[in-house]
Every structure is written in structure tokens, then in C-alpha cells.
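>>> Could you look at this predicted model? Sequence included:
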Amino acid sequence: MGKFNKAIPLVLCLSMVMLAGCSWFPHEHRWASIRPVTAGAETAIDIEEQYYAGAVAAIDDRDYAKALDMLQAARAVKAQDVRVLNAFGVVYDKLGRFDLSARYYAQAEAVDPSSAIVRSNLAYSQSLRGLAADPQTDLPQLAVVSQAVAVSSQPVVLQLAATDTAPVRLGLIGRPLDIADATGQRDNAEVVRVALIRRGWSVAPVAGRPLPRAEQTVIAYPARNVVAARALARTLPGSVRLIECAGTCSGIRLTLGADAAGWSQWAGVRRG
């Protein structure tokens, strides 16, 4: 009984220590909540994928400022993603900033030298750079293509080397290009239309009935589509007349003249 009585003060003392613990360590309960959460590799990948997907959607919507924001965020998660670096190049191509797109394509190529996509985009970017004026360093970073490319309002005639490259991947055309037939010969426009589609262009069905015969092929385009219009001129095998339509058209319109009658070999058609 005496031993029991002696144990009572010890038990009471220990109980007081345990109950008073929260006052001795007043911040202990906060440590768990402020401890940083360490994201696993899968979480980081998921986050980057979301940013990259957001950038792709923004590019499709022509919201290039948002696309750049999304790509910057994706790069902060994974700095050496060839897709992200390539996408930077695509956006700056669209903005006419070929100096910046070349820098990002070079970085993408350094990450993945075997990437066919990067090589293709770089080659197309270089072809655009040959058609457009030299980049102007005093322009704002988000200058639109029509600001970065000097274009005369007067019609011009171009005789350029043909190419099979179409600006499909870069999405420079917001809608399929229209095609009309003024060749004076039956089915010529449809032959050219099929040939352009094979080369990667998005082309609407030939418009209505044939137009009265015209001597020369004409590409009419709004100012925002100047780069794509010039790329189309390079794709075609003969000389064309480029005319900026100054708000009277919503997209690129290709009107085939009589000079297109000799394009059957380029189109892959054998005449009997």
C-alpha cells in the first residue's frame, strides 16, 4: 500500500508533462502542413503535358501570347523537351520573328538531332525567311506577320522555285484556300486542287462554274496571310500574280488562268 501511495505523485507528474506538451512545442502542429510536397516524376510529367496541350490549343486558336505563356510554364517543369522547344519555334515563325524561331529550332535540334519534325520545321522556317523581309529588332516581340513582312499594295508577279512544302504544320492558313477556274479548259482546276492536297495544302472544292477565261493565275490574299500566299506561289510550278485584297476577302483565293493549262506534269496527270 505504501508503494502504491508513493507511485501516485510520479504518475500525476508524468500526466502533467504529457498534457503540457503542446505548450512546450507550440509550432509542432504546423510543420506537417507547411512541409513541401515532393512531386514524383509522373506528377511533373502530367503537369508539363497539361501546359504543352494548352499551348497547342492556344496555337490552334491563334492566341500566341497564351501559347508562349504555356510553353514557358512547360519549360519551367522540363527545360529540355524537344516538343516544347519546337513549339516555340513554330509560334515565332507565325509571328514573323524568324530570328527567335531559329534559336529555338537550334535548341530543339541539339536535344534531338534525329527529329524529322524539327528538321522539317527548320527547313520551312528558312524558306519563309527567304520570302519575308529581314526581322526588325525594334518591333515588339509579339509583332504579327503582316507587320514584320514588307508587302506592296500593288500587284506583283512572282516566278519562284517550286517546292512541295506546305504550311500545314505551322497552321498559317486559318481556313482552306479557295480555288476558281479561269483556265478555259475543263477540269483543270480540279487537277490542280488534287495536286495541292497531295502536297499538304487544305483546299476547298472548286468554286461554282468556271469563270471567264483569264490569261494569268492570280493569288488574292488578306494581309494577315501574306506569308502563306507567298508559300503557295512557291508551290505552284509557274508564275503567279499576287494581289492583297485589302479587306475584300476572308482567306486566300487561287484563280487559275490559262497559263495553268501546262501544269499537268507537275500535277502528275498524263494527257492522252
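Looks like it came in fine.
>>> counting residues per helix, which one in the chain is longest?
With DSSP state H applied, the helix covering the greatest number of residues in the chain is identified as helix 41-60.
>>> Just the C-alphas of that helix, formatted as PDB.
The C-alpha coordinates for helix 41-60 follow below in PDB (Å, rounded to 0.1, in the frame of the first residue of the first chain):
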ATOM      1  CA  ALA A  41       8.300  12.100 -61.800                       C
ATOM      2  CA  GLU A  42       4.800  11.200 -63.000                       C
ATOM      3  CA  THR A  43       3.300  14.300 -61.500                       C
ATOM      4  CA  ALA A  44       5.800  16.600 -63.100                       C
ATOM      5  CA  ILE A  45       5.200  14.900 -66.500                       C
ATOM      6  CA  ASP A  46       1.500  15.300 -66.100                       C
ATOM      7  CA  ILE A  47       1.900  19.000 -65.300                       C
ATOM      8  CA  GLU A  48       4.200  19.600 -68.300                       C
ATOM      9  CA  GLU A  49       1.800  17.700 -70.600                       C
ATOM     10  CA  GLN A  50      -1.100  19.900 -69.500                       C
ATOM     11  CA  TYR A  51       0.900  23.100 -70.200                       C
ATOM     12  CA  TYR A  52       2.000  21.700 -73.600                       C
ATOM     13  CA  ALA A  53      -1.500  20.700 -74.500                       C
ATOM     14  CA  GLY A  54      -2.700  24.200 -73.500                       C
ATOM     15  CA  ALA A  55       0.000  25.700 -75.800                       C
ATOM     16  CA  VAL A  56      -1.100  23.500 -78.700                       C
ATOM     17  CA  ALA A  57      -4.700  24.600 -78.200                       C
ATOM     18  CA  ALA A  58      -3.700  28.300 -78.000                       C
ATOM     19  CA  ILE A  59      -1.800  28.000 -81.200                       C
ATOM     20  CA  ASP A  60      -4.800  26.500 -83.000                       C
END
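>>> Going by neighbour count, list what's buried in that helix.
Of the residues in helix 41-60, those scored as buried under the neighbour-count criterion (16 or more other Cβ atoms under 10 Å) are Ile47, Glu48, Tyr51, Tyr52, Gly54, Ala55, Val56, Ala58, Ile59. C-beta: built from backbone N, CA, C; applies to glycine.
>>> try stretch 205-216
Val206, Pro210, Leu211, Ala214, Gln216.
>>> do the same with stretch 103-121
Under 16+ other Cβ under 10 Å, the buried positions of stretch 103-121 are Tyr104, Tyr105, Gln107, Ala108, Glu109, Val111, Asp112, Ser115, Val118, Asn121.
>>> tell me which of these is nearest to Ala261?
Among these, Asn121 lies closest to Ala261 (Cβ to Cβ), at 34.6 Å.
>>> which other helices and strands contact the host helix or strand of that closest one?
In this assignment (DSSP states H and E), Asn121 forms part of helix 116-131. For helix 116-131, the packing partners by 3 or more Cβ pairs under 8 Å, 6 or more residues apart in numbering; DSSP states H and E come out as helix 82-94, helix 98-111, helix 226-235.
>>> which element follows the shortest one toward the C-terminus?
This means helix 226-235. Sequence-wise, the next helix or strand downstream of helix 226-235 (DSSP H and E) is strand 240-244.
>>> Neighbouring strands of that next one in the sheet, and parallel or not?
Partner strands and pairing direction for strand 240-244 (DSSP bridges) are strand 156-158 (antiparallel), strand 218-221 (parallel).
>>> neighbouring contacts of the very next helix or strand once past it?
Counting by DSSP H and E, the next helix or strand C-terminal to strand 240-244 is strand 253-256. The list of residues contacting strand 253-256 from outside it, by Cβ atoms under 8 Å, 6 or more residues apart in numbering, reads 177-183, 188-189, 192, 211, 214, 217-221, 232, 245.
>>> Many thanks, we can stop here.
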